[in-house]
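Student: Sharing a model that was predicted from the sequence below.
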Amino acid sequence: MPTAIHPHRYLSAMNSMLGRLERLSPGISRHVPEMPPTDLMLEETAGMFESELLDRSTTLGHLEALIADWRSDGMAHFDAGELASEMVVCEFADAVTVRPPEEVTFVSFGAAAPRMVSDPVVRIEGFYVREVVADGTFAAEITIVCAEDSWEDFDSMRYSDAIRVASRAAIGVIQLDEITSSAEIIASFVGDQDLLEDPSLKKAWEIASYAMATELGIAPSLGVSYGGLNDSTVDGNARACRY
């Protein structure tokens, strides 16, 4: 499994992939509007429908902008692996409106990273969180990302295979002042279809919501899987777990 955290690994791996394409066809990675695809790119994306290519390219654009903001914001990162080992899943009956930090933060799951049930070589590595404005109110944008050994092979993988790995992500916007169930939150995520349909995403959301509440002071509302002790207090707000 890769040792570098996602924001560092992503840039290195994608540069390796683009370097391979440049060696095969110098200048191919330079964007030229309205330029028809080359024979090489047609070969590199063979077997991938145009709709999938567009969706994955959109996800890659989101990740690249997110990582750029993460770097400019100071590269905040913490490991929630130990927190997850203490987690008790709970549900609350009210909404907590604590705004997320303005800077992009990356939270890794460490040893607690769940494996995808449908593809056990893939671990859900962690998530990015940042403040956004959605429908006129402040919200938390969550981007869940994955890790697998093939990240190390981008310098030899076909473009289509590499971007399938790189775009294995789930993106959601969580309204902090609305009462919403965990199932509704998970169903609202967009991104890689296999990840969205995998049972491991629910476990990842449980760890993410616990990490946000205990380390970042962000406690989304009803049904968000959470951790703590009975009648525990987070940021002065008493909460009771339901087992």
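Tutor: Nice, thanks for sending it over.

Student: Show me what secondary structure element comes after the helix or strand encompassing residue 83.
Tutor: When secondary structure is defined using DSSP states H and E, the element that contains residue 83 is helix 81-85. Reading on from helix 81-85 to the C-terminus, the next helix or strand found by DSSP H and E is strand 105-108.

Student: Give the buried residues for the helix or strand just after that following strand.
Tutor: Once strand 105-108 ends, the next helix or strand along the chain (criterion: DSSP H and E) is strand 123-134. Residues of strand 123-134 classed as buried by neighbour count (16 or more other C-beta atoms under 10 Å): 123, 124, 125, 126, 127, 128, 129, 130, 131. (Glycine included, C-beta is placed from N, CA and C.)

Student: was I right about the first one contacting residue 115?
Tutor: Yes. Under the contact definition of C-beta atoms under 8 Å, residue 123 touches residue 115, with a separation of 5.4 Å.

Student: can you give me how far the helix of greatest length in the chain is from the chain middle?
Tutor: Assignment by DSSP state H gives helix 50-72 as the longest helix of the chain. Taking C-alpha atoms, centre = their mean, to the nearest Å, one finds the center of helix 50-72 at 11 Å from the center of the full chain.

Student: Report the angle between that helix and strand 123-134.
Tutor: Relative orientation of helix 50-72 with respect to strand 123-134: 80 degrees, computed using axes from the mean of the first three to the mean of the last three C-alpha atoms, to 10 degrees.

Student: Please spell out which residues along helix 50-72 are buried.
Tutor: If you call a residue buried by 16+ other C-beta under 10 Å, then helix 50-72 has these buried ones: 52, 53, 55, 56, 59, 60, 62, 63, 66, 67, 70.

Student: The spatially closest residue to the third one that is not a sequence neighbour - how many residues pack around it?
Tutor: Distances taken as C-beta to C-beta, 6 or more residues apart in numbering place residue 167 nearest to residue 55, at 8.0 Å, with adjacent residues excluded. Summarising burial for residue 167: neighbours were counted as other C-beta atoms under 10 Å, giving 22.

Student: give me the low-pLDDT residue ranges for the protein?
Tutor: Where the chain drops to pLDDT under 70, the residues are 1-2, 29-38, 84-99, 179, 215-243.

Student: what residues are up against the spatially most central residue of it?
Tutor: Here the mean C-alpha position of the chain is nearest to the C-alpha of residue 144 (C-alpha atoms, centre = their mean), at a distance of 1.8 Å. Residue 144 makes contact with 124, 126-127, 169-171, 189, 191, 195, 201, 204-205, 208 under the criterion C-beta atoms under 8 Å, 6 or more residues apart in numbering.

Student: next one: residue 7
Tutor: Neighbouring residues of residue 7 by C-beta under 8 Å, 6+ apart: 67, 70, 71, 75, 77, 106, 128.

Student: what's the offset of the one helix or strand it maps to from the middle of its chain?
Tutor: Element membership of residue 7 [criterion: DSSP H and E] is helix 6-24. Here helix 6-24 shows a centroid-to-chain-centroid distance of 19 Å under the convention C-alpha atoms, centre = their mean.
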